[in-house]
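K.L.:
Predicted structure and sequence below. I'll ask about it afterward.
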Amino acid sequence: MDLAGKVAVVTGGNSGIGEAIVRGLAAAGASVVIDYVARPEDTADLVKEISAAGGKALGADADVSTIAGIDKLISAAKKEFGQLDIFVNNAGIETRQGLLDLDEDSFDKVISVNLKSAVFGTQRAAQTFVDQGSGGVVINVSSVHEDWPMPGNLAYCVSKGGMRMLTRTAGVELGPHGVRVVNVAPGAVATPINAKTMQDDSLREKLEDSIPLRKVADPAEIARVVAFVASGDADYMTATTVFVDGGIMQGGPGL
Ligand code: BGC
């Protein structure tokens, strides 16, 4: 994968899948702005690691559930690295509440962090690409649950279903500008969002038994697909979703 000379922003970039995406894009030669809201020390370590390997990265503290936060990231990319080519809407949370337990604050939070951020991240990145006249790619990290119900995690499923239609609609609108929009949809991945399942051997075993490839993904396995989608090798791919789930959607029931 060759991303030399490209500039990327990754939201939620200092942990879980986001952290692996940052590493993958930097290893392919991109300069990366790492968005984060907590644990600045983790961001600093990641920047150090990338610099030591000869790459370029910068941390930016921004809440992407606000347009101001998104604009801060794009300004940082332009100021530090001169342009923007790749925008990865990765930030995400889940509260694991079913419909009958769902409260208004949790719903608003999940929708703001997962979906509003992706809508305006796509909008602001696309506007930047159009202004630059350079084309570009937005990658939305959704989930198998953009399509597959997860009982007990309703707001999350609604947000990921929204990302599915964001990608399809924005991809169609932006195609004539040379801007691609693609969802990468992971299944079960060993990250902090899944900590409860990962730390409980019997839950983890039950989950792995339901996955045709019989293992939870390592974040790097998702990041490799994101780097491919970001590259010119995927330049005819837009307005669609790539599932990277070990077959879990076909094997179910998930956890
Ligand atoms: C969710 C996890 C879940 C996995 C597979 C992910 O999108 O964040 O909680 O285990 O999908 O169902």
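P.N.:
Now that the structure is in, tell me what you want to look at.
K.L.:
Please make it C-alpha for all contacts and neighbour counts, starting now.
P.N.:
Fine.
K.L.:
Read off the pLDDT value for Pro212.
P.N.:
On pLDDT, Pro212 comes in at 94.
K.L.:
Ile193 too?
P.N.:
Reading off the model, Ile193 has pLDDT 88.
K.L.:
The one 10 residues further on too?
P.N.:
Turning to Leu203, the model gives it a pLDDT of 93.
K.L.:
Name the nearest residue to it, ignoring sequence neighbours.
P.N.:
Leaving aside its chain neighbours, Leu203 sits nearest to Thr197 (5.5 Å; criterion: C-alpha to C-alpha, 6 or more residues apart in numbering).
K.L.:
Could you report the neighbour count for the one you found?
P.N.:
Residues within reach of Thr197, counting by other C-alpha atoms under 10 Å, total 19.
K.L.:
what about it, distance to Ala220?
P.N.:
The spacing between Thr197 and Ala220, counted by C-alpha to C-alpha, to the nearest Å, is 19 Å.
K.L.:
Glu205 is in contact with the residue nearest to Leu203, correct?
P.N.:
No. Applying C-alpha atoms under 8 Å as the test, Thr197 and Glu205 come out as separate, 9.2 Å apart.
K.L.:
Now do the SS call for Glu94.
P.N.:
The assignment at Glu94 comes out as coil when based on DSSP: H, G, I helix; E, B strand; the rest coil.
K.L.:
Tell me how many other residues crowd it.
P.N.:
Quick note: Glu94 (other C-alpha under 10 Å) scores 20 neighbours.
K.L.:
And Arg124, by the same measure?
P.N.:
Neighbour number of Arg124 under other C-alpha under 10 Å is 17.
K.L.:
Now do the same contact list for it.
P.N.:
With contact taken as C-alpha atoms under 8 Å, 6 or more residues apart in numbering, Arg124 is in contact with Ile70, Asp71, Ile74.
K.L.:
Just the buried residues of the residues you listed.
P.N.:
Among the contacts of Arg124, those scoring as buried are Ile70, Asp71, Ile74 (criterion: 16 or more other C-alpha atoms under 10 Å).
K.L.:
Same list (these) but as CSV, adding distance to the ligand.
P.N.:
Listed next are the buried ones among the contacts of Arg124 as CSV, based on distance: C-alpha to the nearest ligand atom, whole Å:
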residue, distance to the ligand
Ile70, 23
Asp71, 27
Ile74, 26
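K.L.:
Need these in JSON lines (columns: secondary structure).
P.N.:
Listed next are those as JSON lines, based on three-state DSSP:
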{"residue": "Ile70", "secondary structure": "helix"}
{"residue": "Asp71", "secondary structure": "helix"}
{"residue": "Ile74", "secondary structure": "helix"}
